[in-house]
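>>> The amino acid sequence is not available; the structure is as follows:
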């Protein structure tokens, strides 16, 4: 279920959004930081951010209120045994990633950034902690031995071939 901080972030976001929507025509404050315009919702995001002291604070609020809340609710709608199946999770995970990137690009904030990285780590520790990982292991010793010994054995053979080639009196080489 949602934690208190999740709900608090959602309430702040919706409160700010309603405030912006009601005052949109009356108040046009420019933060002077510019706004990206490559996505459909950029103008709405930037208008919300006019009421925040910094773009980073606005990004954090939009991140929690749009991307994070949607991802968490989608993940919690699944059985926790389904969290480890990539086919069940990849669409939600991709949507979450694209959402964070879209807002960052609209607000002209670098992506990935420290906040996003921290939240991805938190998400992984919350939802994917118990998933088995396919750790890479060392190959068997016989394979390592063969891979190491092959070039070692080829070096003396190459030296002998060079010496034989030059001893035969072949002046062309």
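That came through, no problem. Note that the structure is a prediction, hence the values are computed from the model and not measured. Residues are numbered from 1 along each chain as shown.
>>> Tell me the secondary structure at the residue sitting nearest the centre point of the chain.
Among the residues of the chain, the one closest to the centroid is residue 97, at 6.1 Å (C-alpha atoms, centre = their mean). For residue 97, the assignment made with DSSP: H, G, I helix; E, B strand; the rest coil gives helix.
>>> in the longest helix seen in the chain, what counts as buried?
With DSSP state H applied, the helix covering the greatest number of residues in the chain is identified as helix 141-167. For helix 141-167, a neighbour-count test (16 or more other C-beta atoms under 10 Å) marks nothing as buried. In this view, the C-beta of every residue, glycine as well, is placed from N, C-alpha and C.
>>> what ranges do the strands span in this structure?
Residue ranges of strands cannot be listed for the chain, since DSSP state E assigns none.
>>> For residue 112, see how far away the residue nearest to the centre of the chain is.
In this structure, residue 97 and residue 112 are 9 Å apart, going by C-beta to C-beta, to the nearest Å.
>>> Neighbours of the closest residue to residue 128 other than its chain neighbours, how many?
Across the structure, with C-beta to C-beta, 6 or more residues apart in numbering as the measure, the residue nearest residue 128 apart from its sequence neighbours is residue 83 (6.3 Å). Using other C-beta atoms under 10 Å, the number of residues around residue 83 comes to 19.
>>> likewise residue 56?
Residues within reach of residue 56, counting by other C-beta under 10 Å, total 15.
>>> Helix or strand with the lowest mean pLDDT in this protein?
Using mean pLDDT, DSSP states H and E, the weakest-scoring helix or strand in the chain turns out to be helix 4-23, at a mean of 48.
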